[in-house]
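Trainee: Dropping a prediction and its sequence here:
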Amino acid sequence: MTVSSEAAVPGSAGGARQQHVFEAQRAGMPNPRVYLEELWRRRQFVVEMARSTLKAQNYTTLFGQLWLVLNPLLTGFVYYLLVDILSGGKHAATYFPQLLAGLFLFNFLAGCMSQGAGSVIGSSRLIMNSSFPRLLLPITQIVIAFFRFLPSLLVFFVVHFVKHEHFTWASWLAVPAFVCVALFASGLSFICATAQVYFRDFANVLPYLTRIWLFLSPVLWQLETQLNRSGPKAELIAMNPLSPMLGMWGDALVEGKAGRPEWLLQGACWGIGTFLLGTVLFMWREREFSVRL
């Protein structure tokens, strides 16, 4: 956002004409109540922008939806074969559903981060010519990532049925686990969107960071197994903020059991804390975006 000031300069006919000088407005927090009210009032913007983006990505076509189902399934097979080679073919019966459950949720998180990182830069013309809460841009990308995540759940449920696994009352704990991941992913998306404005190469580094994060998360291996081991890898997985959320998610969906009680509490703290941090950071810096684009 910019502010303008007027200065009088001599005209060609001896008079004075007004000249507008545009300067960057200092970053600062807008009024939270007014900002959130405006954000809610423009919620239809998120719906329409997400719909048009998904349509452009062929999400509404038969083959587009078929690819959204096949892509995560093929990715799961690739990682399954990779770990199968590394472990010598020794797996629990529930390993493949466990792998898919963790991989699909992690891909949702990675999608929120990568798409959120480019949300502000990719909408530079809209930002320069319209006045609206900029937070709508990464929120739209989160909605898009969620709709792309839904077909992967269909794949998981099919595999879960084929493996003759059963759902129990504890399976419902996957819902609060997903909410924690969604809040965590949203906060990271806001942070990535802000970082991309100031560091244009950030989006090029992000895929490598998420790939490393994947191997340090309880996706390819079960969290409970890793926590019972010792060594640097086990310590890194234990310190990973995503570990308790993925642990609760996998145990609830695949094993049909409740994970450790502290996992849900830790996941909620990380999710809410990151969401608030990302929101405040984005709102604090967004006034400067237009002069940085």
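Mentor: Sure thing, it's come through. Just so you know, these numbers come straight off a predicted model, no measurement behind them. Numbering: from 1, shown residues only.
Trainee: which ones are touching the residue nearest the centre of the chain?
Mentor: With distances taken as Cα atoms, centre = their mean, Cys112 lies nearest the centre of the chain, 2.4 Å away. The neighbours of Cys112, taking Cβ atoms under 8 Å, 6 or more residues apart in numbering as the test, are Gln141, Ile142, Ala145, Ala185, Ser186, Leu188, Ser189. Heads up, the C-betas are built off the backbone N, CA and C, glycines and all.
Trainee: What's the mean pLDDT across the one helix or strand Ala174 maps to?
Mentor: Secondary structure from DSSP states H and E places Ala174 in helix 174-198. Mean per-residue pLDDT for helix 174-198: 96.
Trainee: Can you pull out the residues in contact with the helix or strand hosting Leu209?
Mentor: In this assignment (DSSP H and E), Leu209 forms part of helix 202-215. For helix 202-215, the surrounding residues in contact (Cβ under 8 Å, 6+ apart) are 106, 110, 113-114, 117-118, 121, 192, 195-196, 220, 240, 242.
Trainee: Leaving out chain neighbours, which residue sits closest to Leu277?
Mentor: In this structure, Leu277 finds its nearest non-sequential neighbour in Gly187, 5.9 Å apart by Cβ to Cβ, 6 or more residues apart in numbering.
Trainee: Pretty sure His166 sits in a strand.
Mentor: No - His166 is assigned coil when assessed by DSSP: H, G, I helix; E, B strand; the rest coil, not a strand.
Trainee: Would you mind putting the CA coordinates of the helix or strand harbouring Arg125 into CSV?
Mentor: For Arg125, the host element (DSSP H and E) is helix 124-129. Extracted in CSV, the C-alpha atoms of helix 124-129 (Å, rounded to 0.1, in the frame of the first residue of the first chain):
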residue,chain,number,x,y,z
SER,A,124,0.7,-8.5,-8.0
ARG,A,125,-1.6,-6.8,-10.6
LEU,A,126,-4.6,-7.4,-8.4
ILE,A,127,-2.8,-6.0,-5.4
MET,A,128,-1.6,-2.9,-7.3
ASN,A,129,-5.1,-2.1,-8.6
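Trainee: could you give the angle of the helix or strand just after it to helix 174-198?
Mentor: As assigned by DSSP H and E, the chain's next helix or strand after helix 124-129 is helix 136-162. Helix 136-162 and helix 174-198 are oriented at 140 degrees to each other (axes from the mean of the first three to the mean of the last three Cα atoms, to 10 degrees).
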